[in-house]
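Participant: Structure here, sequence nowhere to be found:
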């Protein structure tokens, strides 16, 4: 005699809903990682030395250095904006989420553009050369540039990727729980049970229009 064992099959609607949820979870994890890492990399890179040179003074050549923040403050500012937009994505829904995701992507693109623009900028060194020499027309000589601007640009590219993922998959990402949102409705006050042995409880119940005996409204 043959025995047939019934094997339960997943419901079609359950399997169909699980398939799109996986890419959404993966995109969420990748976007969070790229956005946070990109902002950290861009902020770190702007604090490093981007350019070096010399200024001619009475004692000879005076060494000059310029950090990324000396050359341009745009990459650091946009990295902070991108990080704030990454957090705000989960606080809004629908059209608001699309707008914040677009802001996140634009912050990344702006960080890339500003970092690449500042990679060969010598204006900060020229200003320092003028201050060191006392000649307003003096410029920095023997200019060299480091690779840190390109590191900042790479951080901006990660922020841009996070924004693109938010635009593509953000509609499927979870939002902040409603229990954390403040409601304007007044809280219902808990009504203490009436103790028939306490006259003050009986009078308070009558004032509220209640029947102290529990039979219904007074």
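Facilitator: Good, I have the coordinates. Computed from a predicted structure; not experimentally measured.
Participant: Please make it C-alpha for all contacts and neighbour counts, starting now.
Facilitator: Fine.
Participant: Could you grab the helix/strand/coil label for residue 62?
Facilitator: strand (DSSP: H, G, I helix; E, B strand; the rest coil).
Participant: do the same with residue 163
Facilitator: Using three-state DSSP, the secondary structure recorded for residue 163 is helix.
Participant: Can you classify the most centrally placed residue in the chain by secondary structure?
Facilitator: In the chain, the residue lying closest to the centroid (C-alpha atoms, centre = their mean) is residue 86, at 2.5 Å. Secondary structure for residue 86, judged by three-state DSSP, is helix.
Participant: How confident is the prediction for it, by pLDDT?
Facilitator: Note on residue 86: pLDDT of 93.
Participant: ranges for the helices of this structure?
Facilitator: 12-46, 68-71, 74-88, 94-118, 123-133, 148-169, 199-207 (DSSP state H).
Participant: The closest residue to residue 53 other than its chain neighbours: neighbour count?
Facilitator: Distances taken as C-alpha to C-alpha, 6 or more residues apart in numbering place residue 143 nearest to residue 53, at 4.5 Å, with adjacent residues excluded. By other C-alpha atoms under 10 Å, 14 other residues sit near residue 143.
Participant: if we can go back for a sec, any idea how far residue 29 is from the residue nearest to the centre of the chain?
Facilitator: In this view, residue 86 and residue 29 are 12 Å apart by C-alpha to C-alpha, to the nearest Å.
Participant: Done for today, thanks.
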